[in-house]
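turn this into a model:
(chains A, B and C)
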Amino acid sequence: MTKRDFLSLEEWTADEIEVVLALAARVKRGGVTGGLERKVLAMVFMDPSLRTRTSFETAMFLHGGHAVVLEPGRGSWALEAEPGAVMDGETVEHIVDAARVLGRYADALGVRAFPRGREWAVARQDAILRSFAQHCEKPVINLESARRHPCQALADAMTLREKLGETSGKRFVLTWAWHPKALPTAVPASAALAAARLGMEIVIARPPGYELDPEDTALIRRIAQQSGGEFVHIIDDPDEATVGADAVYVKSWGSVKLYGNPEEEAAQRAALRDWRLTPDRVKSTRGGRGIVMHCLPVRRNVEIDDAVLDGPNSVVVDQAENRLHAQRALLLELLGSGGMGQ
Amino acid sequence: MTKRDFLSLEEWTADEIEVVLALAARVKRGGVTGGLERKVLAMVFMDPSLRTRTSFETAMFLHGGHAVVLEPGRGSWALEAEPGAVMDGETVEHIVDAARVLGRYADALGVRAFPRGREWAVARQDAILRSFAQHCEKPVINLESARRHPCQALADAMTLREKLGETSGKRFVLTWAWHPKALPTAVPASAALAAARLGMEIVIARPPGYELDPEDTALIRRIAQQSGGEFVHIIDDPDEATVGADAVYVKSWGSVKLYGNPEEEAAQRAALRDWRLTPDRVKSTRGGRGIVMHCLPVRRNVEIDDAVLDGPNSVVVDQAENRLHAQRALLLELLGSGGMGQ
Amino acid sequence: MTKRDFLSLEEWTADEIEVVLALAARVKRGGVTGGLERKVLAMVFMDPSLRTRTSFETAMFLHGGHAVVLEPGRGSWALEAEPGAVMDGETVEHIVDAARVLGRYADALGVRAFPRGREWAVARQDAILRSFAQHCEKPVINLESARRHPCQALADAMTLREKLGETSGKRFVLTWAWHPKALPTAVPASAALAAARLGMEIVIARPPGYELDPEDTALIRRIAQQSGGEFVHIIDDPDEATVGADAVYVKSWGSVKLYGNPEEEAAQRAALRDWRLTPDRVKSTRGGRGIVMHCLPVRRNVEIDDAVLDGPNSVVVDQAENRLHAQRALLLELLGSGGMGQ
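Predicted structure coming up:
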């Protein structure tokens, strides 16, 4: 029996994702208890977290299990990712060994590692996450890497279904927003992949120069087509972006093309502060009732106006809540006793 | 049904506090088990903690629940407190959103946020704590704010009763002590409020310039009178302070008047190192047997001499232990199933 | 009844250690559940940890208990160790008080404190650990101090037995390795003490100037003789070191003699990069099948080559796994209800 990782949505089949989403809905309705007794999830956070940490720790507890939280470089040892490294520098432990050891203590491993280094060609390989998955004998869960945030994507898919009912053919708009920092593309790529899986019409709105990784765009297109959806087009204008949308997913991300040139990237981004979701833009959604999504944390009045976040279109808090339910289902599926949800 | 926060002692009625104290005594005697099964407390620490964290985490565990510990700006995101802020600076998440989301994951929220900023008029509003309470749909517990430390006050009240028996009319002396840093007034104000609730004679000893916030002094006086106690007077002399005391509560705090001028405050404080609880001063308590209290952490031989802390008058360790019992009672009261203690 | 600490292997009798090792083997085979219900272990980490933290937290959970993790100077208060200190500096709480208070909240206390200060004569006294043990009314477990790492030693003994079967007379080689930093001698001393307890032939290989603390060497010799083993000799040459070994324990440590002169120590160490466990040196072990041990974290290709760590002789991951089983046994022995394993 080979172990089963959850590193990205697209590495699981549509049927496998359906099983998790169905169980998540059942978990949310209540009454699903136990299933993770004596199970331990070790979570390795190489970057900060509020929702991911709290929701996973709560998920394990609610079903009788326990989550251990490790923070390499702070309370735990700084980790080396390079295969074959001669470790005479600052890193104290190689991921190979950390992964093997944690696989002996825990029943599953969660890893959060944002992009690092100066080259997108390198960062996009998700070496830290993949190395943990390769060397740990237990299931590894991606808690957000350079490329993917599949647990967020599960919660996004769950939220789209809850709020829109039948999703086929409904319009999902992923729209870029300005932000003071160049953020990873993991969330926008993963959200668009989730919407593609649900057979939605996908629109991506972003300023020129802020295209997603071309391989990700191609993958979104292919999965949308396979699922009966459509990859409509890419829009350059934030005012056009939201027109007719059933769901507007707001997210900032840094230019992949200028990944190695942060100063140039910041200068280019400086002119783009108008990419902000305002009440007027929300009015242009389908019937003015398009839902507004964001993975949080959100920069208020920078990515999205207060009036939108605190208004009736916003579903961001429900979306964050669904992290808990989706992850309970995921953990029961990966670790649960008794074939729950299978 | 509205939710019930625990932000300060004075916002709960005397009867409500009595219920918690009675349950705390019962919890301490042993035999009260369960009551928090499947309950989660999320604790947000914006400042360090040993007792608060350990006692709450233990309290949740002992009754079948679980506590999640978050540290914004370290392992979690830096939080914004300002309403309407245009978040293009260092803070990553607004308290509005953190409070809403944590309210979906957890059954109660604990918040520790010491005073921040340059103006007491601003700091005294406890904006971080109040903002969490306003935006979280679940009970919020104050784990120490600029103004109040009500969980410490519960343990203080419990300790005064345990050690003094009938507290009415007994003399409670809150005495200032020198300390290398300007500390918040939350503990001294809360301790005096607790003693006032118990109908004690309240004496506050402090050097000129170290008056508590005038509104707090007035509140202590009013509650003492309502409870059949008395606000005797304010004393300027550390030798006089302890004379005839049944309980001496030692605590350092910074000058509220010089809150915005830390250099001037430090210069004024430098002359006050004689404000230290010595064995001689303890001898002047009622029959030499007055109890010595401190919330801990204590600066040994700076606030209180070793001989006092390690001597028979000190109850500081029992006082710290009572944090656990008082908080178990508080949590059972706020979250417990089965109407325990009601 | 006096409380029982676990500060070093040698402070427990051979029979007491046998009880723990036998229970550890039983725990590893499975089927030992419960025993720590409603028990709390408070762990104070003054230095980083991955294995220790994860394995203890998991151990407590697996038997129904809970571990609280505290990090003084980060999320918790900076601690003072000096008796009688006038605490007007940077430390916020004295160990005396932290130990007393934690002893009221928890059923046992774990403490990790690596060597500090400029003098080995001072550091070797393990003042922080010993102070916690002196002032805490509950059992204190050493999670690694300047002098000892007895939980690692338990796992080492367990691993030696598992892999070698009868250990009497088998050859245990502790060999120094180069490392960019001067590390504590706690692990090598403790590992050699464990092997001595098992009646093995002890060889210590290290460059001149890297002798262990003389008192530790004498103790290893004495215990080896008492246990029917032998302290063969001390070797200066890394190529000779491994010849005929049944077990090679690789570990770097700093010069005790130059403890107060880090620059001189680093200069002396710089010439010693050849002290590294290579495949050729492994071939020289008994039949080429000597096991390779390391406590982890290991500097790959600096202390031990990749080919060795990833090859058939390495037992480092099993050794790390045994931390969990050994500690489950230790905790059941110290805290367990029902006389388990006794």
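
since we're on A:Phe6, how many residues are nearby?
A:Phe6 has 26 neighbours, counted by other Cβ atoms under 10 Å in any protein chain shown. Using the backbone N, CA and C atoms, a C-beta is placed for each residue, glycine as well.

without its sequence neighbours, what residue ends up closest to it?
Nearest non-adjacent residue to A:Phe6, counting by Cβ to Cβ, 6 or more residues apart in numbering or on different chains: A:Ile141, 4.9 Å away.

list the contacts of that neighbour.
A:5-7, A:41, A:108-111, A:151, A:330, A:334 (Cβ atoms under 8 Å, 6 or more residues apart in numbering or on different chains).

how about the residues of chain A by chain C?
Selection of chain A residues close to chain C by Cβ under 8 Å from any Cβ of the partner chain yields A:38, A:40, A:42, A:66, A:68, A:70, A:72, A:74-77, A:80, A:84-89, A:92-94, A:96-98, A:100-102, A:104-106.

what about A:Val232, neighbour count?
As a burial measure, A:Val232 scores 15 neighbours (other Cβ under 10 Å).

on that earlier part again, and the contacts of A:Ile141, which two are the farthest apart?
Spatially, the most separated pair among the contacts of A:Ile141 is A:Leu7 and A:Leu41, at 15.5 Å (Cβ to Cβ).

the two: which is more packed in?
Ranked by neighbour count (other Cβ under 10 Å), A:Leu7 and A:Leu41 place A:Leu41 first, with 26 against 21.

does that one lie in a helix or a strand, and which?
Under the criterion of DSSP states H and E, A:Leu41 resides in strand A:40-45.

do the same with A:Val250
Take DSSP H and E as the rule and A:Val250 turns out to sit in strand A:247-251.

could I get the CA-only coordinates of that strand as PDB?
Extracted C-alpha coordinates of strand A:247-251, given in PDB (Å, rounded to 0.1, in the frame of the first residue of the first chain):
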ATOM      1  CA  ALA A 247     -18.300  34.900  -7.700                       C
ATOM      2  CA  VAL A 248     -15.500  37.400  -7.400                       C
ATOM      3  CA  TYR A 249     -12.300  36.000  -5.900                       C
ATOM      4  CA  VAL A 250     -10.000  38.900  -4.900                       C
ATOM      5  CA  LYS A 251      -6.300  38.100  -4.500                       C
END
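
in the next helix-or-strand element following it, what's buried?
In the C-terminal direction, the helix or strand that comes right after strand A:247-251 (DSSP H and E) is helix A:262-270. Residues A:265, A:268-269 are the ones in helix A:262-270 that count as buried (16 or more other Cβ atoms under 10 Å in any protein chain shown).

next one: stretch A:240-259
For stretch A:240-259, by 16+ other Cβ under 10 Å, it's A:241-243, A:245-256, A:258-259.

residue of the stretch 51-200 of chain A with the smallest distance to chain B?
Chain B sits closest to A:Phe61 of the stretch 51-200 of chain A, with a gap of 4.3 Å, by Cβ to the nearest Cβ.

residue at max distance from the center of chain A?
Centroid-distance maximum for chain A: A:Asp88 at 34.5 Å, with Cα atoms, centre = their mean.

was I right about that residue contacting C:Val302?
Yes: with contact defined as Cβ atoms under 8 Å, A:Asp88 reaches C:Val302; the gap is 5.1 Å.

what is in contact with these two at once?
Common neighbours of A:Asp88 and C:Val302, using Cβ under 8 Å, 6+ apart, are C:Pro180.

residue ranges in the stretch 1-150 of chain A under the pLDDT threshold?
For the stretch 1-150 of chain A, applying pLDDT under 70 flags the ranges A:1, A:75.

okay, strands next: where are they in it?
A:40-45, A:66-70, A:79-80, A:93-94, A:108-112, A:140-142 (DSSP state E, counting those that start in this stretch).

note down every partner strand of the first one and its orientation.
The strands beside strand A:40-45 in its sheet (DSSP bridges) come out as strand A:66-70 (parallel), strand A:108-112 (parallel).

for C:Asp237, which of the ones you listed is the nearest?
Between C:Asp237 and these, the tightest spacing by Cβ to Cβ is seen for strand A:66-70, at 39.1 Å.

name the surrounding residues that touch that closest one.
By Cβ under 8 Å, 6+ apart, the residues outside strand A:66-70 that reach it are A:39-45, A:53, A:56-57, A:59-61, A:76, A:105-106, B:75, C:50, C:53-54, C:57-58, C:61.

let me see the domain layout of chain A.
For chain A, automatic domain parsing gives the domain ranges A:9-148+A:321-339, A:152-320.

close to chain B, is the longest one?
What that stands for is domain A:152-320. Yes: Domain A:152-320 reaches chain B (Cβ under 8 Å from any Cβ) through A:180, A:296-302, A:306, A:309-310, A:316-317, A:320.

between those residues, which is closest to B:Glu16?
Taking Cβ to Cβ as the measure, B:Glu16 sits nearest to A:Val317 out of the residues of domain A:152-320 next to chain B, at 30.2 Å.

how close does that closest one get to A:Ser8?
26 Å (Cβ to Cβ, to the nearest Å).

and for the helix or strand that contains A:Ala218, what are the contacting residues?
Per DSSP H and E, A:Ala218 falls inside helix A:214-226. The contact list for helix A:214-226 (Cβ under 8 Å, 6+ apart) reads A:10, A:147, A:185, A:189, A:192-193, A:195-197, A:199-202, A:204, A:211-212, A:230-231.

now do stretch A:121-130
Contact with stretch A:121-130 is made by A:7, A:46, A:79, A:81-82, A:95, A:111, A:113, A:115-117, A:140, A:142, A:145-148, A:213, A:259, as judged by Cβ under 8 Å, 6+ apart.

what sits against the nearest residue to A:Ala25 once chain neighbours are set aside?
Excluding the flanking residues, the one nearest A:Ala25 by Cβ to Cβ, 6+ apart is A:Met158, at 7.0 Å. Residues in contact with A:Met158 (Cβ under 8 Å, 6+ apart) are A:21, A:24-25, A:322, A:325-326.

could you do A:Val282 as well?
A:242, A:248, A:288, A:290, A:292, A:308, A:311, A:313.

quick check: closest non-adjacent residue to the single nearest residue of the stretch 201-342 of chain A relative to chain B.
Nearest residue of the stretch 201-342 of chain A to chain B: A:Pro297, at 3.4 Å (Cβ to the nearest Cβ). Closest residue to A:Pro297 apart from its sequence neighbours, by Cβ to Cβ, 6+ apart: B:Glu93 at 3.4 Å.

quick one: that neighbour and A:Leu50 touch, right?
Yes: using Cβ under 8 Å, B:Glu93 is in contact with A:Leu50, at 6.8 Å.

among these two, which residue is more densely surrounded?
A:Leu50 (26 against 23).

next one: phi and psi at that one?
Dihedral pair for A:Leu50: phi -120, psi -60, per degrees, to the nearest 10.

that one contacts B:Ala98, doesn't it?
Yes: in terms of Cβ under 8 Å, A:Leu50 counts as a neighbour of B:Ala98; the distance is 6.4 Å.

who touches both of those two?
By Cβ under 8 Å, 6+ apart, the residues touching both A:Leu50 and B:Ala98 are A:297, B:72, B:77.

closest to chain C out of the residues you listed?
B:Pro72 (11.4 Å).

measure the closest one to A:Pro83 for me?
Distance of B:Pro72 to A:Pro83, computed by Cβ to Cβ: 35 Å.

who's more crowded, these two?
More crowded of B:Pro72 and A:Pro83, by other Cβ under 10 Å: B:Pro72, with 21 against 13.

how about the nearest residue to that one, chain neighbours excluded?
Distances taken as Cβ to Cβ, 6+ apart put B:Leu79 closest to B:Pro72, at 4.7 Å, once the chain neighbours are dropped.

ranges for the helices of the stretch 101-250 of chain A?
Along the stretch 101-250 of chain A, the segments classed as helices by DSSP state H, counting those that start in this stretch run A:120-123, A:127-135, A:150-164, A:186-197, A:214-226, A:238-241.
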